[in-house]
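Q: Sequence first, then the predicted structure:
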Amino acid sequence: MCGIIGYTGSRPAASVLIEGLRQLEYRGYDSFGIAVNGPKIGLLKRSGRIPEDCPEINGFLGTAGIGHTRWATHGIPSDQNAHPHLDCSGRIAVVHNGIIENYLSLKKELEQCGHRFQSETDTEVIPHLIEAHSGEGLLEAVRRATGQLRGSYAFLVIEEGGPGTIIAAKKSSPLVIGCGDGEMLAASDTTPILDYTERVIYLEDDDIASISPDGVEIFRNGCRVVRPVSLIEWSREDVKRGGFPHFMEKEIFEQPEVLANSIRVLTEVPAILREVKGLTLVACGSSFHAGLIFKYLLERGAGIPVRCELASEFKYHPSPARDTVIAVTQSGETADTNSALLVARSHNCPTLAITNVLGSSVTRIADTVIFMKAGPEISVAATKSFIAQCGVLARLADLLSGGKYRTALVKANVAISDALRAEFGEAVDLCSGARSLFYIGRGAFYPVALEGALKMKEISYIHAEGFAAGEIKHGPFALLSEDTPVIAVCPPGETYEVMNSNLKEIKARGTPVIVLGRRSDREISGISDIFIPMPEGDIITDIMASTVILQLLAYRTAVRLGREIDRPKNLAKCVTVE
Amino acid sequence: MKAVILAGGEGRRVRPLTGSRPKSLIPVANRPIISYPIEALEKNGIREIIVIVGYRKEQVIRYLNTLDIQPEVIVQEKQLGTADALRCAASLIDGDFLVLPGDNFIDAHSIGKIRGVRNAMLVREHPNPSNFGVVVVHEGQVKQIVEKPERAPSFTVSTGIFSLTDAFFDLPPENDLTDMVASMLDRGIGIRAIEADDWQDAVYPWDLLSMNARLIRQLSSLRAGSVSRNAVIDGPVRIGEGTMVGPGTVIIGPVVIGPDSQIGPHAVIGPGTSIGARTEVAPFTVIENSILMDDVRIGSHSRIRDTIIGTGSALGNHTVVQTISRVVDRDGELIRAEFGAIIGDEVTSAPFSGFGASIIGNSAVIQGANRDLRGLEITDQALVV
């Protein structure tokens, strides 16, 4: 996905845009660009990260402009493929987030009419289409152009010599307008808007807006519409790193509060889930792992069957009859998850979404929405959003099972605080020298292992895989050696005995084992090569504590290896392509 | 003018309360101690603040991020001493500056007195000088400084608050500020002694109780939570957002209660009590002159006084705390102290437990009912059966 931003007001737009793009960088960071209005459009765009200093913008004096930070989908990261894109005359500049699915046929038509293209991107058709429809003003040209576009888009347009008006259009990709004092902003999310105002308007699909320093006019199907102004709940400090070296570390240490808040979100079973007989949960990545933990807790606690499906696979299998379908997505924009929910809707399943972002696309698809209230997560790797999802889902399991996990949940945030104090320098040493890492667990700790492996591979770039401990003997055992440490989660309970013997078998192959277990457990700490103690508690505290310890293990290993933590290579914060 | 706040150390003498937080973050009147020197600096218009962190630095950084002024944070990798901590900031300082400990209370007026003076320290009379750096003052100048002497030459102690010039960093390095000051005196560098108005350092955990009782008096009333119509609230009482005060509860101020807590019904909270967030006080329980941190649960029919309870602790019902005076052994030193209980984080105790001048370590578990823990000191993670 990408990030777009627009500003019109009284300040010099260039520095506002560059700063705003820095805030949006977590959405995509292989190229960037801005276009500022004036007698001629001031254009700066190139591949690479946004530098500390941008002296070229000193010449851009306009007070309106648009900007873009890119995560490439069509066309490699390069100066020509970077946005903003211009039309043939160089008078119209466009930044775009989304994918124009019919761009190839549009491009052929436009080229046949004489338009010249400079890049390989799908976006470039937009300014040329607007140019082709020009004649009755920019707003009308944009309206006609959108009639020909198929796909997803949130784009901003400025015109040379114009009075500082930005035209915005939205369909499927997010676009938020910030209403300041004598200045207006538009952006892919509220993060860069926070520095200027807390008042925002979320655009709906098919909206076209005309934004000027005094305000915004929104149109849909040619008619003027009014959209409500909301207040951003997040604070300025939520988007700043403060004294932490990385956003990821800041977000890891916010988890005790985030968990306490997420557990308090639900006070009763949502109406859509009363009397529910079966559930299907669709999600991607870490959210899918949270779903697996929910499956375990709900099936044990209330006997309600839960089917967990990878969102990208959901549409290739028959739909789950009358099950309520729960979608879990931090950003609310994950393409696979949203389309899975749409498939569910089309089969008349009741739908519920659990998300972190107000006004996101999934909130328009689901019948009911639960917000996890984790605050903005800037680091690409999910940490606090995962814990918040686990908190909301654990609480849901607790409510549906008549309070089975009530007392455990109350203590969970304290257990996380305790776990965050863990010191395990030796484990970091071992992991940072490893060729591969295998994470194993049973029951609810199998998804904990999956998540631990995902964090490690995302930010340290070491090959890491999670397995159900029972599966490791059916093949993966062949991969074990001294360079492939195994990380195991072994709290007490029904999985303890058999995990104990699994570990002995693994050690018999000469493989070093790092074990997470309860502090007081002498036996397991005796057979581990490295033992990481967890606080006393119960299954809920074990799940939470082991999760955060594995997050910290991945983080510290990545720091040791000097990795780029908040912006790992090849990854974007939210995946808006299928 | 810049100020350096030293918040890297643990504050060992206040154990077990420093298990998960440095002393500078211990809540007194529901504010971390470090917030007081920061406030004193802000009131004097000093906004360029550098904070040296070390022990549990993530917690300190998280707190600092919530402030309007954004201090510069520097990490002291190994906690070698106060002067070593100060030297971590050397590259950021030129000119005159103040240095303050992050774990003491100081009032704004005292900062105002010292800020204009070069090479000065704030001093105060103290009845037990041997716990501090003792100074001998003659005609407003410091003549001698000795750290924690057995036989103190005077009753005047250093507050640890200095006004220095960047020439300090050219002197031969010692680990502790007291040694650096002694070295400055040896070189004939004059140091003025200025009397501080209100300075408080809690040396031992029970000292935090008197500090809490004094600082809580400065607070004004606030009702952000929901208070039952049948509850009685008298005096200055602050109630946080989302907190529910049940019917029949009596709260006599000065008291401060954090957000999302549940008090009562029919609980009694007496003056000098600070209660944190997400804390539950069950019905028919009396709490007086105590500090309860976040996520604490006190069972019903309990009597808590002159007690500090750490985060996440849960005391069973019918807990009784008596205020007892006894001699406590702290790292070989014998100190007479009078208090109810100092209870660490995540401690669980069974119903009918009795405390009196008890010190219970972090994560300790007290099993089985009717335990008499008066006069006992329990280590961290102990299991009492």
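A: Here it is on my side, so go on. Because the structure is a prediction, the values reported are computed rather than measured.
Q: Quick check: phi and psi on B:Pro247?
A: The main-chain torsion angles of B:Pro247 are listed as degrees, to the nearest 10 and equal phi -60, psi 150.
Q: what about it, how many neighbours?
A: B:Pro247: 13 surrounding residues under other CB atoms under 10 Å in any protein chain shown. Any C-beta I mention is one placed from the backbone N, CA and C, and that applies to glycine too.
Q: Kindly report the same for the one 3 residues further on.
A: Number of residues near B:Val250 (other CB under 10 Å) recorded here: 16.
Q: What distance do you get for it to B:Thr319?
A: B:Val250 sits 19 Å away from B:Thr319 when distances are taken as CB to CB, to the nearest Å.
Q: so how far is the first residue of stretch A:172-183 from its last?
A: Distance between the boundary residues of stretch A:172-183 (CA to CA, to the nearest Å) amounts to 26 Å.
Q: scratch that, stretch A:467-487
A: Stretch A:467-487 has an end-to-end distance of 10 Å (criterion: CA to CA).
Q: For that stretch, what is the distance to the chain centroid?
A: On the basis of CA atoms, centre = their mean, to the nearest Å, the separation between the geometric centre of stretch A:467-487 and that of its chain is 30 Å.
Q: buried sites along that stretch?
A: Across stretch A:467-487, burial judged by 16 or more other CB atoms under 10 Å in any protein chain shown covers A:Phe467, A:Ala468, A:Ala469, A:Ile472, A:Leu480, A:Thr484, A:Pro485, A:Val486, A:Ile487.
Q: Close to chain A: what parts of chain B are there?
A: When proximity is defined by CB under 8 Å from any CB of the partner chain, chain B lies next to chain A at B:20, B:51, B:53, B:56, B:58-59, B:61-62, B:64-66, B:70-71, B:73, B:260, B:278, B:295, B:311-312, B:345-346, B:363, B:365, B:381.
Q: Filter the residues you listed down to just the buried residues.
A: Buried residues within the residues of chain B next to chain A, defined by neighbour count using 16+ other CB under 10 Å: B:20, B:51, B:53, B:56, B:58-59, B:61-62, B:64-65, B:71, B:73, B:260, B:278, B:295, B:311-312, B:345-346, B:363, B:365, B:381.
Q: what bridges to B:Val99?
A: Counting by DSSP bridges, B:Val99 forms beta bridges with B:Val4, B:Phe162.
Q: Kindly report the same for the one 5 residues further on.
A: When bridges are called by DSSP bridges, B:Asn104 pairs up with B:Asp201.
Q: Next one: it relative to B:Val203, how far apart?
A: For B:Asn104 relative to B:Val203 (CB to CB), the value is 10 Å.
Q: Look at the two and report which has more neighbours.
A: Under the criterion of other CB under 10 Å, the comparison of B:Asn104 against B:Val203 puts B:Asn104 first, with 21 against 16.
Q: quick one, what contacts the more buried one?
A: For B:Asn104, the contacting residues are B:Ile33, B:Tyr36, B:Pro37, B:Thr159, B:Gly160, B:Ile161, B:Trp199, B:Gln200, B:Asp201, by CB atoms under 8 Å, 6 or more residues apart in numbering or on different chains.
Q: What sits closest to the residue nearest the centre of chain A if chain neighbours are left out?
A: By CA atoms, centre = their mean, chain A has its centre lying nearest to A:Cys574, at 3.6 Å. In space, not counting the residues next to it along the chain, A:Cys574 is nearest to A:Ser331; the distance is 3.7 Å by CB to CB, 6 or more residues apart in numbering or on different chains.
Q: Over to B:Thr66?
A: Across the structure, with CB to CB, 6+ apart as the measure, the residue nearest B:Thr66 apart from its sequence neighbours is A:Glu237 (6.5 Å).
Q: Can you tell me the SS state at that neighbour?
A: helix (DSSP: H, G, I helix; E, B strand; the rest coil).
Q: Give me the number of neighbouring residues for it.
A: Number of residues near A:Glu237 (other CB under 10 Å) recorded here: 15.
Q: now the one 5 residues further on
A: A:Gly242 sits with 17 neighbouring residues when counted by other CB under 10 Å.
Q: Would you mind measuring from it to chain B?
A: Distance, A:Gly242 to chain B, using CB to the nearest CB, to the nearest Å: 3 Å.
Q: and the closest residue to that residue other than its chain neighbours, what is it in contact with?
A: What sits nearest to A:Gly242 in space, not counting adjacent residues and going by CB to CB, 6+ apart, is B:Asn65, at 3.3 Å. By CB under 8 Å, 6+ apart, the contact set of B:Asn65 is A:Glu237, A:Lys240, A:Gly242, A:Gly243, A:Lys250.
Q: Surely the last one is in contact with A:Arg241?
A: Yep, that's A:Lys250 we're talking about. Yes: checked against CB atoms under 8 Å, the pair A:Lys250 and A:Arg241 is within contact range at 5.9 Å.
Q: Please identify which of these two sits among more neighbours.
A: A direct count of neighbours by other CB under 10 Å for A:Lys250 and A:Arg241 places A:Lys250 higher, at 24 against 18.
Q: Please list the outside residues in contact with the helix or strand hosting the more buried one.
A: Under the criterion of DSSP states H and E, A:Lys250 resides in helix A:247-253. Defining contact as CB under 8 Å, 6+ apart, one finds that helix A:247-253 is touched by A:26, A:241-242, A:244, A:377-379, A:381, A:383-384, A:420, A:459, A:548, A:551-552, A:555, A:565-566, B:58-59, B:61-62, B:65.
Q: do stretch B:177-189 as well
A: Contacts of stretch B:177-189 from elsewhere in the structure, counted by CB under 8 Å, 6+ apart, are B:81-83, B:86, B:99, B:119, B:121, B:133, B:142-147, B:158, B:160, B:162, B:168, B:171-174, B:191.
Q: Could I get the CA-only coordinates of it as CSV?
A: Written as CSV, here are the backbone C-alpha positions of stretch B:177-189 (Å, rounded to 0.1, in the frame of the first residue of the first chain):
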residue,chain,number,x,y,z
LEU,B,177,28.9,13.5,42.9
THR,B,178,29.9,13.8,46.6
ASP,B,179,33.4,12.8,45.7
MET,B,180,33.5,15.3,42.8
VAL,B,181,32.3,18.0,45.2
ALA,B,182,35.0,17.1,47.7
SER,B,183,37.5,17.2,44.9
MET,B,184,36.3,20.7,43.9
LEU,B,185,36.7,21.9,47.5
ASP,B,186,40.2,20.5,47.5
ARG,B,187,41.0,22.6,44.5
GLY,B,188,39.7,25.7,46.2
ILE,B,189,36.6,26.0,44.0
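Q: Okay, buried residues for that stretch please.
A: Per 16+ other CB under 10 Å, stretch B:177-189 contains these buried residues: B:Leu177, B:Thr178, B:Asp179, B:Met180, B:Val181, B:Ala182, B:Met184, B:Leu185.
Q: element containing the last one, please.
A: Put plainly, it is B:Leu185. Following DSSP H and E, the helix or strand that holds B:Leu185 is helix B:177-186.
Q: Now that helix: average pLDDT?
A: Helix B:177-186 shows a mean pLDDT of 90 in the predicted model.
Q: right, and the helix or strand after it?
A: Secondary structure here is assigned by DSSP H and E; on that basis, the next helix or strand after helix B:177-186 toward the C-terminus is strand B:192-195.
Q: Now tell me what touches that following strand from outside.
A: Contacting residues not belonging to strand B:192-195 are listed as B:110, B:113-114, B:117, B:119-124, B:135, B:137, B:140-142, B:156 [CB under 8 Å, 6+ apart].
Q: Let's see that with 6 Å instead.
A: By CB atoms under 6 Å, 6 or more residues apart in numbering or on different chains, the list of residues contacting strand B:192-195 from outside reads B:Lys113, B:Ile114, B:Val117, B:Ala120, B:Leu122, B:Val123, B:Val137, B:Gly140, B:Val142.
Q: since we're on the fifth one, how many residues are nearby?
A: Read that as B:Leu122. For B:Leu122, the number of neighbouring residues by other CB under 10 Å comes to 24.
Q: rewinding a little: report the contact partners of the residue nearest to the centre of chain A.
A: Listed by CB under 6 Å, 6+ apart, the contact set of A:Cys574 reads A:Met1, A:Ser331, A:Glu333, A:Thr334.
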